[in-house]
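J.: Model the structure of this input:
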Amino acid sequence: MSENRDEMYPPFTAKALMAGLRAAGIDPQEVSITPSGVLTVRHLSGGQIEAITERLHPDLLPLVTGLREALAAHGIHVMPTAEHGRILLGSYSIPQVDALTAALGGTPLPELSGTETPGWEGSDKVCRALEAASRSAIGHRLHGDLHPYCVACDRDARLQFLPVPPDVAHQLTDVLNRRSPQSCTRP
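T.: Residues are numbered from 1 along each chain as shown. Modelled structure (predicted):
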């Protein structure tokens, strides 16, 4: 990797990103960037993610923080972020997708115990239930790419959400804050 990474990538992107990483206390030398611009940072804390978000999208930090807290109140511990003016909900395990379905007023999958991941058909069913629940609760279909079990990384199926506009993230946060976690119980 070149010592001057700013030369390898578009100036705004590289300079803003490296400044954000430094502001978050992350050594840029610990970051790997592929030639196509994919960035990998290991072991980010919630505070570091917030510092990067604040640096790159200061206007969206309160929204991202509020959404993270609203999700956590329902037992969904993920780290949404902001990029290019949109909210990235991130990658969720199938039990987390099922919990979000319940938090939005949908019916969770009865056979899912909360920690186990169903096969492809069951995972797809959970994702479709979330799409219906989110459309009903916030008027927007939350969806993304369902990735099955990965042999290479030994990781269970996950749903990688597509980015959402800030107004959808606000609606999601509002609905999650209005619904008590106790009202989202399994059948």
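
J.: Need the nearest residue in space to the residue nearest the centre of the chain, chain neighbours excluded.
T.: For the chain, the residue nearest the mean C-alpha position is G90 (2.0 Å; C-alpha atoms, centre = their mean). With sequence-adjacent residues excluded and distances taken as C-beta to C-beta, 6 or more residues apart in numbering, G90 is closest to V78, at 5.0 Å. For glycine as for every other residue, the C-beta is placed from the backbone atoms N, C-alpha and C.

J.: May I see the buried residues of the lengthiest helix in the chain?
T.: Longest helix in the chain by number of residues (criterion: DSSP state H): helix 120-138. Using 16 or more other C-beta atoms under 10 Å as the test for burial, helix 120-138 gives 122-127, 129-131, 133-134, 137-138.

J.: Determine the three-state secondary structure at the residue nearest to G90.
T.: For V78, the assignment made with DSSP: H, G, I helix; E, B strand; the rest coil gives coil.

J.: Number the chain from 21, please
T.: Happy to do that; since the first residue is 21 now, the last one works out to V98.

J.: and it, what does it touch?
T.: Taking C-beta atoms under 8 Å, 6 or more residues apart in numbering as the criterion, V98 is in contact with 88, 91, 109-112, 116.

J.: same deal with I107?
T.: 80, 83-84, 87, 100-101, 183-186, 188-189 are the contacts of I107 under C-beta under 8 Å, 6+ apart.

J.: and the residues you listed as TSV, adding distance to S65?
T.: Below are these laid out as TSV (distance: C-beta to C-beta, whole Å):
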residue	distance to S65
L80	19
L83	20
V84	15
L87	18
P100	15
T101	13
P183	23
V184	24
P185	27
P186	24
V188	26
A189	22
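
J.: Distance to H167, pLDDT and neighbour count added to those, as JSON lines?
T.: Formatted as JSON lines, these follow (distance: C-beta to C-beta, whole Å; pLDDT from 0 to 100; neighbours: other C-beta atoms under 10 Å):
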{"residue": "L80", "distance to H167": "26", "pLDDT": "83", "neighbour count": "21"}
{"residue": "L83", "distance to H167": "26", "pLDDT": "91", "neighbour count": "19"}
{"residue": "V84", "distance to H167": "23", "pLDDT": "90", "neighbour count": "23"}
{"residue": "L87", "distance to H167": "22", "pLDDT": "95", "neighbour count": "26"}
{"residue": "P100", "distance to H167": "18", "pLDDT": "91", "neighbour count": "25"}
{"residue": "T101", "distance to H167": "19", "pLDDT": "87", "neighbour count": "23"}
{"residue": "P183", "distance to H167": "17", "pLDDT": "92", "neighbour count": "17"}
{"residue": "V184", "distance to H167": "19", "pLDDT": "94", "neighbour count": "24"}
{"residue": "P185", "distance to H167": "23", "pLDDT": "92", "neighbour count": "12"}
{"residue": "P186", "distance to H167": "26", "pLDDT": "92", "neighbour count": "17"}
{"residue": "V188", "distance to H167": "22", "pLDDT": "94", "neighbour count": "19"}
{"residue": "A189", "distance to H167": "22", "pLDDT": "94", "neighbour count": "25"}
